[in-house]
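Enquirer: Structure of the sequence below:
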Amino acid sequence: MSRRGFFRAGGWHIEKDPRKTGIDVLDAIPSGSHICLFYETSRDLLSTLVPFFKAGLENNELCVWAFPDILDDEQCGRALRRAIPGFAQYQARGQMETMPSASLYLSDGTFDARKVLDGWASKLGKVTERGYAGMRTAGDTGWVGKRDKRKFAEYEEAVNDTISGHNMIAICSYNLGRYSPPEVLDISLHHEFTLFKRAGSRLVLKSEPGKISPSAGEAYLARLQKRFLASGFEGMDDADIIELVMGLCLPADEAKKLAQAAIKEFQSLMRFMSASRVELRRAGLTPTCIFFVQLLKQLPSELLRQQIVNKPVYGSSREVFDYLHYSMRDLKIEIFKVIFLDNSTHIIDVADLSSGTVDSAPVRPREIMEAAINASATNLIFVHNHPSGDPTPSRLDRRLTRDLVFMGRVMQIKVLDHIIIGANSHFSFADERFIQKYEDEFMNLKIRMNLAVEG
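Expert: Numbers count the residues shown, from 1 in each chain. Prediction:
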């Protein structure tokens, strides 16, 4: 089913078969639309779904809300009553149904996709029987565990077919903190619209390629996508690759124009992907496109992080460099990271401890050791970048590393390495034997102090 629309400041506007959503950046969409909503807090969720249901009730639609476990029936009812005049009447005649999401999706603790889809079909039957103009629903995914994620993704695909052509709009809400960047991207691709609500900020919207604003340029982009699926980036120049990225959030003809403008502005794919949000906005990218650039930029780092955290043991400074180089090489300020390891040098976690200026990051050894104790770490690796691209350690880098080695020995926490990341290379204090040198200095100092006490 083809839907034609356009994006302007404030959100998407649909030209055909519009139904008001009540959501500020998505004023109208066609019947049969499937939306995913990523949120962080109950306030984020309520501020989006209450206006959504208000618009539905006022349009004489049957409304069904399966809320997450961070809310209860009383909280949902109170929020709806405050925002919707005459809500008690809607509720009394059964036009607004609310229930915990687990009770909708699970039967005896088990998710049965066919049974849930049949339930939606049954409710759609009530729409005609009761004379409603349509139906809108919101179901939360807080109940979805690791074992159910794949089955639920398949269910989401089936929902697209089930509601297509019906007078129904469906929102699936996802708590952003429970999903990794790769999962967020995958979920987005199962929906026609993706909304993001974070910390009270305005929603960001993405439309799925090929379902909005088809044009003559669509065929060209399809050929570009086929080339990628057949042989990856082989034979593509930087403008083609940027166009592929822009095609995730823009109609094909607009993606091509913006890719050409981006190449003119940034000169290369690397500089484009390394640009800040401010620089991307200045180059004409919409908030949605900026989100996707940032998401795609962080995906490799997240995959490498999972790979190194899941490794049996820490191997070498090169492994750490390979993991962190992509995410740190183009930073314009210094970032100081700590890798926490256990007794067997299994990597426990990776954390940012501080950020600073173009040539320094404030580091407090005491806070580092407190963080190590909280993480139950017995070994540490420090990593920071040099925005200049030259990984050669400064006098301050050497002094800080020595202090950290000394303090670690006192706390019985071993410093394995301090790695400095440059443009295309790195410096390892362990490989250059500075860590051993500082350990020897500490032991010599300890011996002298013991002798002084005994004397």
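
Enquirer: Could you list which residues are in contact with residue 101?
Expert: 66-69, 139-143 (C-beta atoms under 8 Å, 6 or more residues apart in numbering). From N, CA and C alone the C-beta is placed, and that goes for glycine too.

Enquirer: in the stretch 101-250 of the chain, which spans are helices?
Expert: 101-105, 113-130, 149-163, 181-188, 217-231, 238-246 (DSSP state H, counting those that start in this stretch).

Enquirer: Now render the ones you listed as TSV, adding distance to residue 58 and mean pLDDT.
Expert: What follows is the helices of the stretch 101-250 of the chain, written out as TSV (distance: least, C-beta to C-beta, whole Å; pLDDT from 0 to 100):
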stretch	distance to residue 58	mean pLDDT
helix 101-105	24	92
helix 113-130	16	85
helix 149-163	21	80
helix 181-188	29	75
helix 217-231	36	61
helix 238-246	37	86
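
Enquirer: what does stretch 61-79 rub up against?
Expert: 42, 45-46, 49-50, 53, 56-57, 90-91, 95-105, 123, 126-127, 130, 132-140, 142-143, 167, 173, 175.

Enquirer: Take those and keep only those in strands.
Expert: 96-100, 134-140, 173, 175 (DSSP state E).

Enquirer: Could the C-alpha coordinates of stretch 341-353 be exported in PDB?
Expert: C-alpha atoms of stretch 341-353 as PDB (Å, rounded to 0.1, in the frame of the first residue of the first chain):
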ATOM      1  CA  LEU A 341      39.100  -6.800  34.600                       C
ATOM      2  CA  ASP A 342      38.800  -9.600  37.100                       C
ATOM      3  CA  ASN A 343      41.600 -11.900  38.600                       C
ATOM      4  CA  SER A 344      41.700 -14.000  35.400                       C
ATOM      5  CA  THR A 345      41.900 -10.800  33.200                       C
ATOM      6  CA  HIS A 346      38.300 -11.400  31.900                       C
ATOM      7  CA  ILE A 347      37.000  -8.000  30.900                       C
ATOM      8  CA  ILE A 348      34.100  -7.000  33.200                       C
ATOM      9  CA  ASP A 349      33.200  -3.600  31.700                       C
ATOM     10  CA  VAL A 350      34.400  -0.500  29.900                       C
ATOM     11  CA  ALA A 351      33.500   3.000  31.300                       C
ATOM     12  CA  ASP A 352      34.200   6.700  30.400                       C
ATOM     13  CA  LEU A 353      35.800   8.300  33.500                       C
END
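
Enquirer: Quick check: buried residues in it?
Expert: The neighbour-count check on stretch 341-353 (16 or more other C-beta atoms under 10 Å) flags 341, 345, 347-348, 350, 353 as buried.

Enquirer: As TSV, those residues with secondary structure would be great.
Expert: Output for the buried residues of stretch 341-353, formatted as TSV (DSSP: H, G, I helix; E, B strand; the rest coil):
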residue	secondary structure
341	strand
345	coil
347	strand
348	strand
350	strand
353	strand
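
Enquirer: biggest separation within these, which pair?
Expert: 345 and 353 (19.8 Å; C-beta to C-beta).

Enquirer: about what we covered before: of all the helices of the stretch 101-250 of the chain, which lies closest to residue 322?
Expert: helix 181-188 (18.8 Å).

Enquirer: roughly how far is the closest one from the heart of the chain?
Expert: With C-alpha atoms, centre = their mean, to the nearest Å as the basis, helix 181-188 stands 7 Å off its chain's centre.

Enquirer: That helix - contacts with which helices or strands?
Expert: strand 34-39, helix 149-163, helix 287-309 (3 or more C-beta pairs under 8 Å, 6 or more residues apart in numbering; DSSP states H and E).

Enquirer: Tell me the pLDDT of residue 54.
Expert: Residue 54 is assigned 96 on the pLDDT scale.

Enquirer: quick one: residue 422 and residue 389 touch, right?
Expert: Yes - Residue 422 lies in contact with residue 389 (C-beta atoms under 8 Å); the separation is 5.1 Å.

Enquirer: higher neighbour count, those two?
Expert: Counted by other C-beta atoms under 10 Å, residue 422 and residue 389 do not tie: residue 422 has more neighbours, with 19 against 13.

Enquirer: which residue sits closest to the more buried one in space, ignoring its chain neighbours?
Expert: residue 391 (3.4 Å; C-beta to C-beta, 6 or more residues apart in numbering).

Enquirer: Spit out the contact partners of the one you found.
Expert: For residue 391, the contact set (C-beta under 8 Å, 6+ apart) comprises 420-422, 425-427.

Enquirer: center of this protein, which residue is that?
Expert: Centroid-nearest residue in the chain, with C-alpha atoms, centre = their mean: residue 181, separated by 4.0 Å.

Enquirer: ok, residue 39 - contacts?
Expert: 45, 48, 173-176, 196-198.

Enquirer: Who are the packing partners of the strand or helix carrying residue 384?
Expert: Element membership for residue 384 (DSSP states H and E) is strand 379-385. Contact partners of strand 379-385 among helices and strands, from 3+ C-beta pairs under 8 Å, 6+ apart: helix 317-328, strand 335-341, helix 365-374, helix 395-411, strand 414-421.

Enquirer: elements contacting the second one?
Expert: What that stands for is strand 335-341. Checking 3+ C-beta pairs under 8 Å, 6+ apart, strand 335-341 ends up next to helix 317-328, strand 347-355, helix 365-374, strand 379-385.

Enquirer: how about a cut-off of 6 Å?
Expert: In terms of contacts (3 or more C-beta pairs under 6 Å, 6 or more residues apart in numbering; DSSP states H and E), strand 335-341 is packed against strand 347-355, strand 379-385.

Enquirer: Just the buried residues of the last one, please?
Expert: To tie it back to what came earlier, the one meant is strand 379-385. 379-385.

Enquirer: now that strand and strand 414-421, what's the angle there?
Expert: 10 degrees (axes from the mean of the first three to the mean of the last three C-alpha atoms, to 10 degrees).

Enquirer: which stretches of the stretch 1-150 of the chain have low pLDDT?
Expert: Applying pLDDT under 70 to the stretch 1-150 of the chain flags the ranges 1-17.

Enquirer: just to revisit the earlier point, with distance to residue 412 added, can I get the helices and strands packed on strand 335-341 in a markdown table?
Expert: As requested, the helices and strands packed on strand 335-341 are exported to a markdown table (distance: least, C-beta to C-beta, whole Å):
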| stretch | distance to residue 412 |
| --- | --- |
| strand 347-355 | 17 |
| strand 379-385 | 11 |
